[in-house]
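1. Below are the sequence and a predicted model; questions follow.
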Amino acid sequence: MDLPRTVDDARRLLAAGRYVADESLATAVYLALKLRRPLLLEGEAGVGKTEVAKVLAETLGRRLIRLQCYEGLDVAASLYEWNYPRQMLEIRLAELGGEAGSEGRTRLARDLFDERFLLKRPLLLALEPPGDGEFAGPPVLLIDELDRTDEPFEAFLLEILSDFQVTIPEMGTVRAAEPPIVVLTSNRTREIHDALKRRCLYHWIGYPDAARELEVLRLRAPELSAALAEQIVRFVQRLRAADLFKLPGVAETIDWAHAILALDRIALDAETVSATLGVLLKYQDDIEKMGAAAVAELLRS
């Protein structure tokens, strides 16, 4: 599929992947694609940030390359590392072959640092052109949960986000012939540095209103009856108004809907809700706070 030409095209593109986007998100996606800029999506866990990248890859026919971030993520895991065992084998074979002298050693040292010995990680793979006929264009690079990494890793990303290139000391600069589509996500467990934000377009994804969440549920759980879908959305919307440590996201709403279907329920009742709260809430303190009386009250209101 071609890149969208308008904001409405961007919304339809996302809708083709069963993603319900509001005007502001569709605008951010359109501008990121049009201007070839990375898109930084922030918001609570489970609101659909990662899904944006997945849907773009699916609907545009692009390869999805995902870099899942974590504390201590470094160059070797994210960009490249050298295949040291294979390099050592190459050195041993050269010795057995009788290569000697300064000229032979120079050639060997040079040959040890070419692509044959390079183990490419997600960031470097994202700069490569697509294979012939395999995908429609450059990949979608998803840098997921950037806030889990350390600040030095953010600084390392600046060259990639600015110029879509990286510098490998032994080989020089590797530059993308055509920029990948880059989506970064953050759950905002810590602030992302301004230097990185300046290189991206920014959008905050919040919890959806009832109408949009109901539309999401109809797309993601079409087996639900209209009445049960409305009950589920109404309960979750009210639950998000409660004083909880971690509010349920859209992902939890979808999971809960599938759990209710798996139990063959045709309507919500206090017993079923209490028994399945662990699908919606991920902290025991929150589950205990939502006792039988609280659940009954939310169902009545």
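-> Now that the structure is in, tell me what you want to look at. Residues are numbered from 1 along each chain as shown.

2. which residues in the stretch 201-301 of the chain form strands?
-> Using DSSP state E, counting those that start in this stretch, the strands of the stretch 201-301 of the chain run over 201-204.

3. how about low-confidence regions in it?
-> By pLDDT under 70, the stretch 201-301 of the chain contains no weakly predicted segment.

4. Now do the same for stretch 1-11: mean pLDDT, whole number.
-> Here stretch 1-11 scores 93 as its mean pLDDT.

5. Over to it now: how far is its first residue from its last?
-> One end of stretch 1-11 to the other measures 14 Å (Cα to Cα, to the nearest Å).

6. Which parts of the stretch 201-301 of the chain are helices?
-> Remark: helices assigned in the stretch 201-301 of the chain by DSSP state H, counting those that start in this stretch are 210-220, 226-239, 250-262, 270-275, 277-280, 284-289, 292-300.

7. so which of those helices comes closest to residue 79?
-> helix 250-262 (29.6 Å; Cβ to Cβ). C-beta: built from backbone N, CA, C; applies to glycine.

8. can you list contacts of that closest one?
-> With contacts defined as Cβ atoms under 8 Å, 6 or more residues apart in numbering, helix 250-262 is touched by 45-48, 207-208, 213, 216-217, 220-221, 223-224, 228-229, 232-233, 236, 248, 268, 272, 276, 279-281.

9. buried subset of those residues?
-> With burial judged by 16 or more other Cβ atoms under 10 Å, the buried subset of the contacts of helix 250-262 is 45-48, 207-208, 213, 216-217, 220-221, 224, 228-229, 232-233, 236, 248, 268, 276, 279-281.

10. hang on, residue 66 packs against residue 123?
-> No - using Cβ atoms under 8 Å, residue 66 makes no contact with residue 123, being 11.1 Å away.

11. who's more crowded, these two?
-> Neighbours per residue, other Cβ atoms under 10 Å: of residue 66 and residue 123, the larger number sits with residue 123, 23 against 16.

12. any idea which helix or strand carries that one?
-> Residue 123 belongs to helix 122-125 when assigned by DSSP states H and E.

13. Quick one: mean pLDDT over that helix.
-> Here the average pLDDT along helix 122-125 is 96.

14. Which strands and helices lie in contact with that helix?
-> Using 3 or more Cβ pairs under 8 Å, 6 or more residues apart in numbering; DSSP states H and E, the elements in contact with helix 122-125 are strand 64-68.

15. How about the contacts made by residue 201?
-> With contacts defined as Cβ under 8 Å, 6+ apart, residue 201 is in contact with 28, 31, 32, 35, 37, 38, 39, 40.

16. could I get the residues you listed as JSON lines with pLDDT?
-> JSON lines is the format used below for the contacts of residue 201 (pLDDT from 0 to 100):
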{"residue": "28", "pLDDT": "98"}
{"residue": "31", "pLDDT": "98"}
{"residue": "32", "pLDDT": "98"}
{"residue": "35", "pLDDT": "97"}
{"residue": "37", "pLDDT": "97"}
{"residue": "38", "pLDDT": "98"}
{"residue": "39", "pLDDT": "98"}
{"residue": "40", "pLDDT": "98"}
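
17. Identify whichever of the helices of the stretch 201-301 of the chain lies nearest to residue 17.
-> Set against residue 17 and scored by Cβ to Cβ, the helices of the stretch 201-301 of the chain come closest in helix 210-220, at 9.7 Å.

18. Residues in contact with the closest one: which ones?
-> Helix 210-220 is contacted by residues 18, 20, 22, 207-208, 224, 229-230, 232-234, 236-237, 250, 253-254, 257 when judged by Cβ under 8 Å, 6+ apart.

19. Just the CA coordinates for it, please, in PDB.
-> Only the C-alpha atoms of helix 210-220 are listed here, as PDB (Å, rounded to 0.1, in the frame of the first residue of the first chain):
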ATOM      1  CA  ALA A 210     -16.200   5.300  25.700                       C
ATOM      2  CA  ALA A 211     -17.300   5.700  22.100                       C
ATOM      3  CA  ARG A 212     -13.800   5.000  20.700                       C
ATOM      4  CA  GLU A 213     -13.100   2.200  23.100                       C
ATOM      5  CA  LEU A 214     -16.400   0.600  22.100                       C
ATOM      6  CA  GLU A 215     -15.400   0.800  18.500                       C
ATOM      7  CA  VAL A 216     -12.000  -0.800  19.300                       C
ATOM      8  CA  LEU A 217     -13.800  -3.600  21.100                       C
ATOM      9  CA  ARG A 218     -16.100  -4.200  18.200                       C
ATOM     10  CA  LEU A 219     -13.100  -4.600  15.900                       C
ATOM     11  CA  ARG A 220     -11.000  -6.700  18.200                       C
END
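
20. Of all the residues in the host helix or strand of residue 162, which ones are buried?
-> In the assignment (DSSP H and E), residue 162 maps to helix 151-163. Applying a neighbour-count criterion of 16+ other Cβ under 10 Å, one finds 153, 154, 156, 157, 160, 161 buried in helix 151-163.
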